[in-house]
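A.B. asks: coordinates for the following, if possible.
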Amino acid sequence: MKDDEFRPKLGKIGSRGSKAGKRYANQLLAAINGAGGKHRGGGRFSGSRTGRGGAAAALLKSRDRYAAFRQRRVMVKARIVRLAGKGMDGAWAHLRYIQRDGVTREGEPGQLYGADQDRVDGREFVDRADGDRHQFRFIVAPEDGIQYDDLKPLTRRLMAQMEEDLGTKLDWVAVDHFNTGHPHTHIILRGKDDRGENLVIAREYISSGIRERAAELVSLDLGPRTDREIEQRLRQEMEQERFTSIDLQLLRMREGDGSVSPADRDSFRQTLRQGRLRKLERLGLAEEINPGRWRLNDDLEPTLRRMAERGDIIKTMHRELTGKGLVRSAADCVIHNRSGEPAQPVAGRVVARGLADEINDRHYLIVDGVDGRTRYIDIGRGDATEPTPEGCIVRVTPSNTEPKQVDRTVAEIAAANDGRYNIDIHLKHDPSATEGFAETHVRRLEMIRRATRGVQREPDGTWIIASDHLSRVAEYERQRARAVPVTVDKLSSLKLEQQVGFDGATWIDRELVSDKPEPLQDSGFGRDVREAQVRRRQWLIAQGLAREEQDRIVYRANVLAVLRQRELIRVAGQISEELGLPYAEARSGQRVEGTLRRSVELASGKYAVIEKSREFTLVPWRPVLERHIGKQVSGMMRGEGISWTIGQQRGGPGVS
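C.D. replies: Numbers count the residues shown, from 1 in each chain. Now for the predicted structure:
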């Protein structure tokens with residue numbers, strides 16, 4: 001140890017144990033929190049004001065509440081996104097998405113702008129952010145945003161005020177959206193300050209400071225809310241099936257026994273509270289226990305928030321169905337997996353896809369099912385599901401949250417070996433297993449460890465497996481399912497009406513010859529499919545691919561293969577003209593090697609274009625190939641599938 005270094009030992013003089021040090025450390029922390037309570041108005045230290053903007057947030061919080069009551073209201077949603085790993089890909093995808101078509105008043109793509117430019121190159125912004133630890137994403141939505149012809153001046157003034165509050169220049173871009181009933185602005189802020197250091201913003205400033213600053217600016221533009229405006233909005237709140245400001249007041253007014261009285265010296269406020277309590281009573285969320293005394297349901301707030309969410313979903317479904325000219329009864333419109341029962345797979349036509357939560361990038365699908373019901377389905381993260389254009393046919397399957405067989409094997413081996421697992425233990429326990437097979441179990445454990453720390457790995461590579469390992473794995477799978485609650489498989493990229501006369505293997509054909517076709521209801525999309533199948537049968541008969549025998553239709557044994565081959569040859573001819581190379585068919589048992597050029601969508605599925613030196617071929621596509629376009633690939637054809645090896649070496653890991 002150097003002369004100017006020392007290591008403090010907490011505890012009483014002469015104490016040698018670590019317990020005394022821990023007790024002293026706890027006393028020290030208690031004293032710090034006590035001091036924080038004494039000097040900061042109560043409460044433990046939470047770090048909410050740590051970072052830039054903490055002082056501004058405290059100042060805004062302590063201002064005149066009466067003046068704040070008259071301020072125009074602004075909703076601000078915020079999210080901090082880490083850019084490590086694949087974060088930059090997500091950042092670029094998010095930037096593209098907020099600039100998508102149809103977000104302006106004219107229905108055109110959104111345009112990025114900045115502090116002093118009306119047009120900003122998103123690629124340049126992403127390149128500047130390369131290497132940033134994180135970025136901030138905000139949605140700023142003034143309640144009276146419809147009164148603004150242009151939101152750019154407001155956004156620029158808000159960001160200038162934030163620069164003053166945070167004490168640094170900010171690097172940001174924004175896009176204004178007018179595609180909903182509430183105009184709003186998406187702002188993306190780099191996680192670096194003007195010195196190139198990580199930008200750390202106080203939690204309290206993010207949670208409330210930005211909203212208060214935006215409300216100040218909107219109030220300056222439009223003037224404070226008048227008594228009439230305030231009263232009108234409060235009257236509207238009285239009958240709304242969502243959590244309102246009146247509900248918040250009632251919850252704060254509850255007395256020690258949990259009861260609340262609407263009485264107030266202000267007759268208008270008393271009337272509002274009384275009317276709201278009657279509405280809550282009709283909803284089963286309040287009960288009058290004595291004249292003028294009410295008891296509120298303990299789940300009042302979460303229940304009302306769920307009701308509001310459901311109401312918003314129903315409005316979204318009605319808008320999308322009406323816009324597509326589809327008529328569905330209210331009983332046939334359902335929210336997928338909201339009944340509390342296990343959700344079942346759903347096959348049907350995509351009516352619409354959209355953002356359920358723009359700040360967290362959660363998407364939804366509206367699927368017109370073959371069972372005659374139309375469903376709103378939360379599909380989770382947008383990048384987890386490939387594009388699903390309107391009219392394509394999909395099957396949506398709930399994510400499996402049960403432990404996999406690999407997890408059960410690990411638990412079984414660990415239970416027989418004092419809670420320990422490694423490759424050697426696995427091979428000794430099961431002599432028939434290969435080392436490669438055991439390695440898949442290790443990779444699974446590593447995934448769980450990184451995500452939840454539900455397992456421990458010792459320095460020698462041995463894993464400590466708890467007795468409740470399968471319960472921990474189930475929790476890990478449930479966490480994953482929150483981000484990706486369903487799997488969406490595209491059954492056909494062709495719309496139903498396009499499949500009727502299409503010269504290729506379609507989803508209708510696969511259903512016609514299937515041993516277990518989708519059960520069709522004689523209503524909604526199910527009826528449409530029935531009618532399309534009748535017309536498709538007639539087309540197949542005309543093509544000599546089916547025949548009528550008495551009261552049934554008999555299809556050629558290889559009808560799907562014939563149709564698939566027809567389309568492959570037709571598309572291959574088009575690609576041959578583009579590349580100037582002949583087409584060579586890939587056969588089962590043949591090795592395929594070459595450069596992966598791109599993918600092509602066929603009615604029978606997606607195919608990869610593999611270019612060789614003198615020819616090209618088409619082989620079944622796998623999503624894992626997406627990030628290897630332009631690279632050398634090789635694989636072995638196995639029936640109608642292919643086992644891939646990424647890279648030039650043949651001995652590397654494959655993708656079946």
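A.B. asks: from residue 242, how far off is residue 373?
C.D. replies: 26 Å (CB to CB, to the nearest Å). Backbone N, C-alpha and C define where each C-beta goes, glycine included.
A.B. asks: give me the more crowded residue out of these two.
C.D. replies: Taking neighbours as other CB atoms under 10 Å, residue 373 and residue 242 compare with residue 373 leading, 22 against 15.
A.B. asks: which helix or strand contains residue 250?
C.D. replies: helix 245-253 (DSSP states H and E).
A.B. asks: show me what that helix is packed up against.
C.D. replies: Applying 3 or more CB pairs under 8 Å, 6 or more residues apart in numbering; DSSP states H and E, one finds that helix 245-253 contacts helix 227-238, helix 267-282, helix 300-323.
A.B. asks: as CSV, these with distance to residue 204 would be great.
C.D. replies: Below are the helices and strands packed on helix 245-253 laid out as CSV (distance: least, CB to CB, whole Å):
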stretch, distance to residue 204
helix 227-238, 26
helix 267-282, 29
helix 300-323, 22
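A.B. asks: check which helices and strands the helix or strand that the helix holding residue 250 is followed by sits against.
C.D. replies: Toward the C-terminal end, the helix or strand that comes next after helix 245-253 (DSSP H and E) is strand 259-260. The elements that strand 259-260 packs onto, with contact taken as 3+ CB pairs under 8 Å, 6+ apart, are strand 293-296.
A.B. asks: what's residue 491 in contact with, if anything?
C.D. replies: 347, 392-395, 507 (CB atoms under 8 Å, 6 or more residues apart in numbering).
A.B. asks: of the residues you listed, closest to residue 178?
C.D. replies: Nearest to residue 178 among those is residue 392, at 27.8 Å by CB to CB.
A.B. asks: what's near enough to touch that closest one?
C.D. replies: Contact analysis of residue 392 by CB under 8 Å, 6+ apart lists 349-350, 490-495.
A.B. asks: and it, how far from residue 144?
C.D. replies: Distance from residue 392 to residue 144, by CB to CB: 39 Å.
A.B. asks: likewise residue 188?
C.D. replies: 24 Å.
A.B. asks: in strands, which of the contacts of residue 491 fall?
C.D. replies: Judged by DSSP state E, strands contain the following of those: 347, 393-395.
A.B. asks: buried ones among these?
C.D. replies: Neighbour-count burial (16 or more other CB atoms under 10 Å) applied to the ones in strands among the contacts of residue 491 gives 347, 393-395.
A.B. asks: how about the nearest residue to residue 581 once chain neighbours are set aside, phi and psi?
C.D. replies: Leaving out its chain neighbours, the residue that sits closest to residue 581 by CB to CB, 6 or more residues apart in numbering is residue 616, at 5.0 Å. Per-residue torsions, residue 616: phi -140, psi 160 (degrees, to the nearest 10).
A.B. asks: contacts for the helix holding residue 250 next, please.
C.D. replies: By CB under 8 Å, 6+ apart, helix 245-253 touches 234, 237-238, 260-262, 272-273, 276-277, 280, 296, 300-301, 304.
A.B. asks: now do the buried residues in it.
C.D. replies: 246-247, 249-250.
A.B. asks: quick revisit: in a markdown table: the helices and strands packed on helix 245-253, plus mean neighbour count.
C.D. replies: Formatted as a markdown table, the helices and strands packed on helix 245-253 follow (neighbours: other CB atoms under 10 Å):
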| stretch | mean neighbour count |
| --- | --- |
| helix 227-238 | 13 |
| helix 267-282 | 17 |
| helix 300-323 | 15 |
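A.B. asks: TSV for these, including distance to residue 117 and mean pLDDT?
C.D. replies: As requested, these are arranged in TSV below (distance: least, CB to CB, whole Å; pLDDT from 0 to 100):
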stretch	distance to residue 117	mean pLDDT
helix 227-238	36	87
helix 267-282	47	92
helix 300-323	34	91
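A.B. asks: nearest to residue 136 among those would be which one?
C.D. replies: helix 300-323 (25.0 Å).
A.B. asks: now the element after the closest one, going C-ward?
C.D. replies: strand 333-335.
A.B. asks: what mean pLDDT does that next one have?
C.D. replies: The average pLDDT for strand 333-335 rounds to 89.
A.B. asks: in it, which residues are buried?
C.D. replies: Applying 16+ other CB under 10 Å to strand 333-335 flags 333-335 as buried.
A.B. asks: dump those into JSON lines; add distance to residue 176 as well.
C.D. replies: Below are the buried residues of strand 333-335 laid out as JSON lines (distance: CB to CB, whole Å):
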{"residue": "333", "distance to residue 176": "31"}
{"residue": "334", "distance to residue 176": "34"}
{"residue": "335", "distance to residue 176": "30"}
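A.B. asks: separation between the nearest residue to residue 297 once chain neighbours are set aside and residue 55?
C.D. replies: Counting by CB to CB, 6+ apart, residue 285 is the residue found nearest to residue 297 once chain neighbours are left out, at 4.3 Å. Distance of residue 285 to residue 55, computed by CB to CB: 40 Å.
A.B. asks: settle it for me: which of those two has more neighbours?
C.D. replies: Neighbour count, other CB under 10 Å: between residue 285 and residue 55, residue 285 has more, with 19 against 14.
A.B. asks: that one contacts residue 298, doesn't it?
C.D. replies: No: using CB atoms under 8 Å, residue 285 is not in contact with residue 298; the gap is 9.7 Å.
A.B. asks: and the angle for the helix holding residue 250 with helix 227-238?
C.D. replies: Helix 245-253 runs at 80 degrees relative to helix 227-238, counting by axes from the mean of the first three to the mean of the last three CA atoms, to 10 degrees.
A.B. asks: helix 245-253 vs helix 267-282, what angle?
C.D. replies: Helix 245-253 runs at 90 degrees relative to helix 267-282, counting by the same axes, to 10 degrees.
A.B. asks: specify the beta-bridge partners of residue 463.
C.D. replies: Following DSSP bridges, residue 463 is listed with bridge partners residue 421, residue 457.
A.B. asks: doesn't residue 456 make contact with it?
C.D. replies: Yes: here residue 463 reaches residue 456: they are 7.0 Å apart, a contact under CB under 8 Å.
A.B. asks: related to what we said a few turns ago, what's the farthest-apart pair in the buried residues of helix 245-253?
C.D. replies: With CB to CB as the measure, no two of these lie farther apart than 247 and 249, at 7.3 Å.
A.B. asks: show me where pLDDT drops low in this structure?
C.D. replies: Within the chain, the stretches with pLDDT under 70 are 1-49, 63-69, 85-87, 338-342, 646-656.
A.B. asks: in PDB, list the C-alpha atoms belonging to the helix holding residue 250.
C.D. replies: What follows is helix 245-253, C-alpha atoms only, in PDB (Å, rounded to 0.1, in the frame of the first residue of the first chain):
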ATOM      1  CA  SER A 245     -58.600  14.000 -11.700                       C
ATOM      2  CA  ILE A 246     -61.900  13.700  -9.700                       C
ATOM      3  CA  ASP A 247     -61.000  10.100  -8.800                       C
ATOM      4  CA  LEU A 248     -57.500  11.200  -7.700                       C
ATOM      5  CA  GLN A 249     -59.100  13.900  -5.400                       C
ATOM      6  CA  LEU A 250     -61.500  11.300  -3.900                       C
ATOM      7  CA  LEU A 251     -58.600   8.900  -3.200                       C
ATOM      8  CA  ARG A 252     -56.700  11.700  -1.500                       C
ATOM      9  CA  MET A 253     -59.700  12.600   0.600                       C
END
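A.B. asks: I appreciate the help and will end here.
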